[in-house]
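Colleague: sequence and predicted structure are below.
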Amino acid sequence: MTERRLVIIGGGPAGLSAALAAYEAGERDILILERDEALGGILNQCIHNGFGLHLFKEELTGPEYAERFIREVADRGIEYKLKTMVLTISHDRVVTYVNQTEGYQKIRAGAIVLACGCRERPRGAINIAGTRPAGIFTAGTAQRLVNIEGYLPGREIVILGSGDIGLIMARRMTFEGAKVKAVVELMPYSSGLNRNIVQCLQDYDIPLLFSHTVIEIKGRERVEGVVIAEVDENLRPKPETAREISCDTLLLSVGLIPENELARNAEVELSPVTGGAVVDENLMTSVPGIFAAGNVLHVHDLVDYVSEESAHAARSAVKYLQGADSKAEKEVLRTGKGVRYVVPQLLNRDENYEPITFRMRVDNVYRQVRLVLKVDGETVLAKKKQIMTPGEMESLEAASEIVRKLKAGKQIVFELEEENA
């Protein structure tokens, strides 16, 4: 068994940003483990633009955004292993991995940053009736087939779910000559960014059907059509509204799940809401020395925020390696009206008053509201918003003086208020 100070699991945007931040913080013993054949993660297949607007103040494609980080990693000589699958991590930070050249290996890490990203929900997670014909893909798989492999999955498409990948693939399939007949969304609102609804659907006259779902898939050898229906307020299909749409392909964009099998191996406490780890303001999990950031922690809407969050996790990991105390009493951060979750979920009651970025999502569409942070009933931070939707992540920046109040308080709550309240 070898020993390394910092092991980063994942070589996508989260892992690359974490490695660079750790290097800038003074750490030199850094190892990135990536299961794919190239660094960059999911960005390599995201050939559309819209990346980097927040971080670089310019519009980049996914590969261009990744390349900026890959080049910096190479320039600093940070070590990474490709085609390397991490099998398990243990509670005492032993990383087991396998690859073609080294075989089966173990590393004892001083600290670990989980940057494993997320995965798509498959058909089995949503229980659609029908046989198992060819022509059913997750939106991300279809994206890889078109953008990396050069295959067109189908000619007549229905997309279930209005997540960002599904919206982007509606436009991409249209570019390739396919006919996207409809995007069907179970909820009365989209789970994707509003800009993607405009740029990917409305600009190409692709219908978006809210409060609808697919109740049956037709076809035996190949998809021949889908049956869709409206749903009621309890999200149950109304049989009398059922109608068939002929198509040869169904793309599923029905949600992303943090890739947390490794965290579960290490007995990390997971949030039932986000599916990711429960972390404190340093992004450390319930297991000392194991940190999490990016989509493995909670699903983000912008990669820029993934990079920022991962850099913070890496800086915290370096401080941990340098002997920072992690044994302070922790306070649970609560969510009130309208706020589905907040990350971090815990706050250390210590004397570190560095600014904290809180990220969260709301549970419905709200207009003319304030996102407020309350300590013992008193509002200490507020942010006005004309509209808030579940598809867009919100954030509150707490300066040092606010953090001091939070750590002195007894009950900390994030919630929404009407603007005139």
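Modeller: Arrived safely. Numbers count the residues shown, from 1 in each chain.
Colleague: show me what contacts Pro237?
Modeller: Neighbouring residues of Pro237 by Cβ atoms under 8 Å, 6 or more residues apart in numbering: Thr213, Ile215, Ala229, Glu230, Val231. The C-beta positions use only the backbone N, C-alpha and C, and glycine is treated the same way.
Colleague: now with 10 Å, please.
Modeller: When contacts are counted by Cβ atoms under 10 Å, 6 or more residues apart in numbering, Pro237 touches Leu186, His212, Thr213, Val214, Ile215, Glu216, Val227, Ile228, Ala229, Glu230, Val231.
Colleague: if I look at Ala421, what pLDDT would I see?
Modeller: Model confidence at Ala421, given as pLDDT, is 54.
Colleague: between the contacts of Pro237, which has the most around it?
Modeller: Using other Cβ atoms under 10 Å as the contact criterion, the top neighbour count among these goes to Val214, which has 26 neighbours.
Colleague: how's this structure carved up into domains?
Modeller: Using automatic domain parsing, the domain ranges for the chain come out as 1-119+256-327, 122-254, 328-421.
Colleague: return the most buried member of the ones you listed.
Modeller: Most buried of the domains of the chain, by mean neighbour count (mean count of other Cβ atoms under 10 Å): domain 1-119+256-327, with a mean of 20.
Colleague: for that domain, what is the distance to the chain centroid?
Modeller: Its chain's C-alpha centre and that of domain 1-119+256-327 lie 13 Å apart, by Cα atoms, centre = their mean, to the nearest Å.
Colleague: that one: end-to-end distance?
Modeller: From its first residue to its last, domain 1-119+256-327 covers 28 Å (Cα to Cα, to the nearest Å).
Colleague: return the list of strands paired to the strand or helix carrying Leu6, each annotated with direction.
Modeller: Secondary structure here is read from DSSP states H and E; on that basis Leu6 sits in strand 2-9. Paired with strand 2-9 in the same sheet, following DSSP bridges, are strand 30-33 (parallel), strand 103-114 (parallel).
Colleague: mean pLDDT added to those strands, as TSV?
Modeller: Formatted as TSV, the entries for those read as follows, by pLDDT from 0 to 100:
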stretch	mean pLDDT
strand 30-33	98
strand 103-114	98
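Colleague: in JSON lines, list the ones you listed along with distance to Ile148.
Modeller: Below are those laid out as JSON lines (distance: least, Cβ to Cβ, whole Å):
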{"stretch": "strand 30-33", "distance to Ile148": "21"}
{"stretch": "strand 103-114", "distance to Ile148": "25"}
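Colleague: quick one: closest of those to Tyr305.
Modeller: strand 103-114 (16.2 Å; Cβ to Cβ).
Colleague: thinking again about what came up before, any idea of the mean pLDDT for the strand holding Leu6?
Modeller: The model assigns strand 2-9 a mean pLDDT of 98.
Colleague: for the helix or strand just after it, name the packing helices and strands.
Modeller: Per DSSP H and E, strand 2-9 leads on to helix 13-24 as the next helix or strand towards the C-terminus. Counting contacts by 3 or more Cβ pairs under 10 Å, 6 or more residues apart in numbering; DSSP states H and E, the secondary-structure elements packed against helix 13-24 are strand 2-9, strand 30-33, helix 62-75, strand 79-81, strand 103-114, helix 303-321.
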